[in-house]
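Enquirer: Build the 3D model from these lines:
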Amino acid sequence: MQIRDLLNGIADRFGGRRVVEGNNIVGLKQGTQNISLEPGGQIELSGAPLETLHQTYAEVNSHLCQVKAVGEEMGIGFLGLGFQPKWALSDIPLMPKAKFEIARNYMPKVGCIGLDMMFRTCTVQVNLDYGSEQDMITKLRTAIALQPIATAIFANSPFKEGKLSGFVSLRSYTYTDTDDDRTGMLPFVFDSSFGFERYVEYVLDVPMYFVYRNKRPVDCTGMSFRDGKLPQLPGDRPVANPGVGARVRLKRFIEMRGADGGPFSTLCALPAFWVGLLYDEESLRCITDMIADWTNEERDMLRRKVPITGLKTQFRGRYVKDLAENILKLAKDGLQRRGHMEVGFLNEVDEIVGTGVTQAEKLANLYTTKWQHNVDPVFREFIY
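Expert: Now for the predicted structure:
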């Protein structure tokens, strides 16, 4: 009820075309931007393609001003964390979108904590383009290899159901047992034969969730996209398979989803981090050399251990913190060479990497000291 009123309130005050499914408003389209709902009521802004981080900052700030202006009048606040800090899974209602119902029924069949990922997590995504097949290969390999480093730097999900979970990024951990067909480090990307065609072959073999017909999803969970036979729709064939859930996805752009949701100070730090690395030839070349001899086993080890130990994760006799310091310097150098005065967006990350203390660890310390083992103050002290 409140989410419906919130979306309607934003549309009434700030404009936007309502996106409706059945009798329910499930999103808004504002020009080239989309506001949509995730399964557990998370609100997602999908922004426009932009040229500079200053434009990204303005876009994100404008969105937050809109939701805050309407939300405050309704007694609604907004929190940037990677995992819902207090509510149990059973406390969270399913948003009224048919595809979410399909996914909710299928997730327990292919993993143990996929529903947590659906209902209780929040990430910040960065989408960056590429100019050619070779450019895609270089950037995709870099993005996959460094995704655990980004997870460590932006770790911000230490709580579960009002207590410390034992993780710095509980959100990232949920992806380790969600749906193996859709997650993981995609080791084939690092094969010498990798290119667009090989990625298409991979996508063809990822089982489907649903197909859209007459603007409604039809349950096709577990069906083979490559086979193309749909018992639910005799004689019909699927034409696209977007249901790949890896933390780096290849589309007409590269979509990176390795970082926890966080405070406003880090929302634009994440795209700054990736832009500095991937959009500068010199920094990208240095990173490519750095990761060239990393093995599949090492990349997967980082994926599994970083959610627990973050920047303190050991790697080749050192720590991820040491690795992050070198990578952050390359990101800053890349931003400097772009010439748009964007380095300041990395100030918050500079502090995290320099001290080795993530946002998750700051929250954990507050929980055990000032908050006296009560998670409720996070809703007051870290509200947007």
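
Enquirer: Look up how far Lys362 lies from Glu351.
Expert: From Glu351 across to Lys362, the span is 10 Å (C-beta to C-beta, to the nearest Å). Yep, even glycine has a C-beta here, placed from its N, CA and C like the rest.

Enquirer: what about the two, which has more around it?
Expert: Per other C-beta atoms under 10 Å, whichever of Glu351 and Lys362 has more neighbours is Lys362, with 15 against 11.

Enquirer: and the more buried one, what helix or strand is that in?
Expert: If you go by DSSP states H and E, Lys362 is part of helix 359-368.

Enquirer: quick one, helices of the stretch 1-150 of the chain?
Expert: Secondary structure of the stretch 1-150 of the chain (DSSP state H, counting those that start in this stretch): helices located at 2-14, 53-74, 98-110, 114-120, 133-153.

Enquirer: Can you report the mean pLDDT over the residues of the last one?
Expert: Computed over helix 133-153, the mean pLDDT rounds to 98.

Enquirer: tilt between it and helix 359-368?
Expert: Here helix 133-153 runs at an angle of 20 degrees relative to helix 359-368 (axes from the mean of the first three to the mean of the last three C-alpha atoms, to 10 degrees).

Enquirer: buried residues in helix 133-153?
Expert: Applying a neighbour-count criterion of 16 or more other C-beta atoms under 10 Å, one finds 136-153 buried in helix 133-153.

Enquirer: quick revisit: quick check: which of the helices of the stretch 1-150 of the chain is nearest to Asp181?
Expert: helix 98-110 (6.9 Å; C-beta to C-beta).

Enquirer: Which strands or helices does that closest one pack on?
Expert: Contacts defined by 3 or more C-beta pairs under 8 Å, 6 or more residues apart in numbering; DSSP states H and E place helix 98-110 against helix 114-120, strand 216-219.

Enquirer: Least confident of those, on average?
Expert: strand 216-219 (a mean of 92).

Enquirer: Remind me what the following helix or strand past it packs against, helices and strands.
Expert: Next in sequence after strand 216-219, counting helices and strands by DSSP H and E, comes strand 248-250. With contacts taken as 3+ C-beta pairs under 8 Å, 6+ apart, strand 248-250 sits against helix 133-153, strand 254-260.

Enquirer: Now do strand 248-250, average pLDDT.
Expert: Strand 248-250 shows a mean pLDDT of 93.

Enquirer: Centre of the chain to it, how far?
Expert: Here the centre of strand 248-250 is set off from its chain's centre by 11 Å, with C-alpha atoms, centre = their mean, to the nearest Å.

Enquirer: likewise stretch 282-293?
Expert: Its chain's average C-alpha position is 24 Å from that of stretch 282-293, according to C-alpha atoms, centre = their mean.

Enquirer: ditto for stretch 1-8
Expert: Distance of stretch 1-8 from the chain centroid (C-alpha atoms, centre = their mean) equals 24 Å.

Enquirer: try stretch 142-160
Expert: 10 Å.

Enquirer: related to what we said a few turns ago, among the helices and strands packed on helix 98-110, show me which one is buried the most.
Expert: Stretch with highest mean neighbour count among the helices and strands packed on helix 98-110: helix 114-120 (a mean of 23; mean count of other C-beta atoms under 10 Å).

Enquirer: Run through the neighbouring helices and strands of that helix.
Expert: By 3+ C-beta pairs under 8 Å, 6+ apart, helix 114-120 packs against helix 98-110, helix 170-174.

Enquirer: Only the buried residues of the longest one, if you could.
Expert: By neighbour count, and taking 16+ other C-beta under 10 Å as the criterion, the buried residues in helix 98-110 are Ala98, Lys99, Phe100, Glu101, Ile102, Ala103, Tyr106, Met107, Val110.

Enquirer: for it, what is the average pLDDT?
Expert: Across helix 98-110, pLDDT averages out at 95.

Enquirer: quick revisit: mind checking the helices and strands packed on strand 248-250 for the one nearest to Arg120?
Expert: Proximity to Arg120 (C-beta to C-beta) singles out strand 254-260 among the helices and strands packed on strand 248-250, at 12.1 Å.

Enquirer: Show me the shaky parts of the stretch 151-300 of the chain.
Expert: Applying pLDDT under 70 to the stretch 151-300 of the chain flags the ranges 240-243, 245.

Enquirer: one step back: would you format the helices and strands packed on helix 98-110 as TSV with distance to Val306 included?
Expert: Formatted as TSV, the helices and strands packed on helix 98-110 follow (distance: least, C-beta to C-beta, whole Å):
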stretch	distance to Val306
helix 114-120	16
strand 216-219	34
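
Enquirer: now for those, which one comes closest to Arg318?
Expert: Closest approach to Arg318 among the helices and strands packed on helix 98-110 (C-beta to C-beta): helix 114-120, 30.6 Å.

Enquirer: Other residues contacting the closest one?
Expert: With contact meaning C-beta atoms under 8 Å, 6 or more residues apart in numbering, helix 114-120 is reached by 38-40, 83-84, 87, 89, 92, 94, 100, 103-104, 107-108, 171, 174-175, 177-179.

Enquirer: isn't Lys163 right next to Trp371, touching?
Expert: No. Between Lys163 and Trp371 there is no contact, the gap being 11.7 Å when judged by C-beta atoms under 8 Å.

Enquirer: what sits against the residue nearest the centre of the chain?
Expert: Nearest to the mean C-alpha position of the chain, by C-alpha atoms, centre = their mean, lies Arg257 at 3.0 Å. By C-beta under 8 Å, 6+ apart, the contact list for Arg257 reads Thr123, Gln125, Arg247, Val248, Arg249.
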